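*Asks:* could you work out the structure for the sequence below:
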Amino acid sequence: MKLPQGFEFEKPNQVCKLRRSLYGLKQASRQWNSKLSAALLQMMFVQSKSDPSLFTKGEGATFIVVLIYVDDILLTSPDISQIQNLKMYLDNAFKIKDLGELGYFLGIEARSSDTGLNLCQCKYAMDILTETGFLECKPASSPMVPGIHLCHGDSEPFANIGSYRRLRIMSCDISNEPLGRASFYPKGEATQLNVFSDSDWAICSESRRSITGFCVFLGSALISWKCKKQSTVSRSSSEAEYRALAATVSEVQWITFLLSDLQMKMKKPAAVFCDNKSAIAIAENSVFHERTKHIEIDCHLVREKVSQGLIKLLSVSSSNQTADGFTKPLPIPQFQLFTSKLGTQDLYAPTYGGCWKKKNKEACSSGLFKAKIG
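*Replies:* A predicted model of the protein is given here:
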């Protein structure tokens with residue numbers, strides 16, 4: 001730490017000692033989280049081991065959930081008095097801003113109705129398009145050209161790489177037409193995990209690494225998805241599928257722990273659908289062979305979860321593999337079919353049956369509420 005220019009002090013080589021964390025410093029968010037966590041733990045909240053930003057307390061009608069992101073807080077409980085008491089406690093400790101019922105959080109618009117909850121990133125996408133000057137551009141029917149293989153050196157480096165990355169992250173959202181599509185989470189659905197795991201073998205023309213793609217549904221609601229290049233080169237499509245399967249099973253285990261913290265017990269094993277029968281056979285065969293010893297750790301992981309009853313492996317045809325769209329660019333008809341399977345709906349269509357909740361002074365007891373420290 002260096003003294004600012006123009007600051008003179010009698011004793012050389014001395015700096016100021018901060019007695020409080022300043023907003024904007026690298027450690028500020030860590031200090032906020034430490035203080036807030038300590039305050040919640042003092043109120044007998046339990047910090048989740050699966051997600052340290054999640055705190056829970058009570059059970060049944062008195063159950064309350066707190067989700068924290070730096071100084072933004074989400075609260076929900078079937079008992080409105082639990083929420084009011086926590087707000088008063090936090091306001092006395094930190095001076096919070098009560099933002100009422102949840103409407104916008106971390107770039108996500110939340111809209112609730114009598115049938116469920118819609119989550120949409122339309123506003124966030126529009127803000128990025130406005131910032132980068134692409135607001136007047138026509139939307140594409142799919143995010144990438146089918147069959148394209150990108151390589152280093154194909155084009156000149158972008159001057160503003162940050163802006164490009166933000167646009168790339170939002171490509172799946174801003175390419176769908178119309179823009180106002182939202183993920184729908186219906187009320188009262190069965191708590192059954194349906195999972196799709198897929199891979200695209202040796203798709204990278206430079207490293208020959210494969211792509212892992214999976215999506216996890218709670219009932220009909222999409223709650224988790226991933227598309228990532230694998231860390232090692234697979235010798236066969238079966239090995240690539242199995243490595244994707246291992247990553248998928250790890251995600252299912254984490255989600256199961258998280259749902260348990262939310263007092264949601266899984267009555268049935270998660271149904272994991274894979275379109276590679278060879279990978280399923282490796283998982284069900286307890287004997288290791290020479291051709292599978294290099295993936296022994298992944299084999300142990302998947303087999304262990306199968307024997308524990310956490311997952312049940314099921315075969316699915318490639319045409320019905322929902323995760324296929326996460327591993328490769330698809331033609332327009334297949335891409336539209338892929339997005340239709342993700343449980344999204346158009347919020348602004350005339351046929352949309354749900355309605356936006358009106359903002360009342362008294363929010364419903366089963367809603368989500370937002371607060372901000374400071």
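*Asks:* in what helix or strand does the residue lying closest to residue 107 once chain neighbours are set aside lie?
*Replies:* Of all residues not flanking residue 107 in the chain, residue 124 sits nearest, at 3.8 Å (Cβ to Cβ, 6 or more residues apart in numbering). Backbone N, C-alpha and C define where each C-beta goes, glycine included. Assessed by DSSP states H and E, residue 124 sits inside helix 122-132.
*Asks:* name the helices or strands packed onto that helix?
*Replies:* Applying 3 or more Cβ pairs under 8 Å, 6 or more residues apart in numbering; DSSP states H and E, we find helix 122-132 packed against strand 108-112, helix 161-169, helix 171-175.
*Asks:* check which element follows the first one along the chain.
*Replies:* If you walk from strand 108-112 toward the C-terminus, the next helix or strand you reach (DSSP H and E) is strand 116-120.
*Asks:* and that following strand, what other elements does it pack with?
*Replies:* Counting contacts by 3+ Cβ pairs under 8 Å, 6+ apart, strand 116-120 is packed against strand 108-112, strand 181-186.
*Asks:* what strands line up against that strand, and which way round?
*Replies:* Strand pairing for strand 116-120, using DSSP bridges, gives strand 108-112 (antiparallel), strand 181-186 (antiparallel).
*Asks:* any buried residues in it, and which?
*Replies:* Buried residues in strand 116-120, counted by 16 or more other Cβ atoms under 10 Å: 117-120.
*Asks:* what's the closest of those to residue 157?
*Replies:* Closest to residue 157 out of the buried residues of strand 116-120 is residue 120 (32.9 Å), distances taken as Cβ to Cβ.
*Asks:* what's the burial count for the nearest residue to residue 258 once chain neighbours are set aside?
*Replies:* Excluding the flanking residues, the one nearest residue 258 by Cβ to Cβ, 6+ apart is residue 50, at 4.7 Å. Neighbourhood size, residue 50 [other Cβ atoms under 10 Å]: 15.
*Asks:* number of residues surrounding the residue nearest to residue 107?
*Replies:* 18.
*Asks:* hmm, residue 108 and it touching each other?
*Replies:* Yes. With contacts counted by Cβ atoms under 8 Å, residue 124 reaches residue 108, the gap being 7.2 Å.
*Asks:* touching stretch 156-163 from outside, list them.
*Replies:* The contact list for stretch 156-163 (Cβ atoms under 8 Å, 6 or more residues apart in numbering) reads 131-132, 164.
*Asks:* change it to 7 Å
*Replies:* The contact list for stretch 156-163, computed with Cβ atoms under 7 Å, 6 or more residues apart in numbering, reads 132, 164.
*Asks:* grab the CA positions of it and hand them over as CSV.
*Replies:* The C-alpha trace of stretch 156-163 is given here as CSV (Å, rounded to 0.1, in the frame of the first residue of the first chain):
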residue,chain,number,x,y,z
GLU,A,156,-7.7,-10.8,-35.6
PRO,A,157,-8.1,-10.5,-31.8
PHE,A,158,-10.9,-8.3,-30.6
ALA,A,159,-9.9,-5.0,-29.2
ASN,A,160,-12.5,-5.2,-26.4
ILE,A,161,-12.4,-8.8,-25.3
GLY,A,162,-14.6,-8.2,-22.2
SER,A,163,-17.5,-6.9,-24.3
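*Asks:* tell me the one of the buried residues of strand 116-120 nearest residue 244?
*Replies:* residue 119 (25.8 Å).
*Asks:* excluding sequence neighbours, find me the nearest residue to that closest one.
*Replies:* residue 183 (4.8 Å).
*Asks:* contacts only, for the one you found.
*Replies:* For residue 183, the contacting residues are 119, 222, 343-344, by Cβ under 7 Å, 6+ apart.
*Asks:* any idea how far it lies from residue 345?
*Replies:* Residue 183 is 9 Å from residue 345, where distance means Cβ to Cβ, to the nearest Å.
*Asks:* isn't residue 182 up against residue 117?
*Replies:* No. Judged on Cβ atoms under 7 Å, residue 182 makes no contact with residue 117 at a distance of 9.2 Å.
*Asks:* helix or strand: which one has residue 263?
*Replies:* For residue 263, there is no enclosing helix or strand under DSSP H and E.
*Asks:* count the residues that sit near it.
*Replies:* Residue 263 has 12 nearby residues by other Cβ under 10 Å.
*Asks:* check residue 251 too.
*Replies:* 19.
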